[in-house]
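Participant: Model the following, please.
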Amino acid sequence: MAFVTPDMTAAAAALAALTIVCLAALRGWRDWIAFKREELAAAREAARDPATPHAGSRIEIADIKERLRKLEAIAAGVDL
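Facilitator: Numbering: from 1, shown residues only. This is a model prediction of the structure:
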């Protein structure tokens, strides 16, 4: 084993490079999964918070307010 061929050196370098790339990809994958979990937790937390209404309910509230203004105008005798 005193004599190391260039082929074995290249194979060892390629294996080391592949290992480094795989470990970096694994760390990136784990970080991405953690990020998505935090994103989902924040979305769940926002859904539980009654202070922030959904977009659909805000549109409905605006529509009801507009109808109320029109009814008040009709009651006051104002032509729209």
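Participant: next helix or strand past the longest helix seen in the chain?
Facilitator: In the chain, assigned by DSSP state H, the helix with the most residues is helix 6-48. Next in sequence after helix 6-48, counting helices and strands by DSSP states H and E, comes helix 55-76.
Participant: Give me the packing partners of the longest helix of the chain, helices and strands only.
Facilitator: Of the remaining helices and strands, none touches helix 6-48 by 3 or more CB pairs under 8 Å, 6 or more residues apart in numbering; DSSP states H and E. The C-beta positions use only the backbone N, C-alpha and C, and glycine is treated the same way.
Participant: The helix-or-strand element of the chain with minimal mean pLDDT: how far from the chain's middle?
Facilitator: None of the helices or strands of the chain scores lower by mean pLDDT, DSSP states H and E than helix 55-76, at a mean of 87. For helix 55-76, the separation from the chain centroid amounts to 34 Å (computed by CA atoms, centre = their mean, to the nearest Å).
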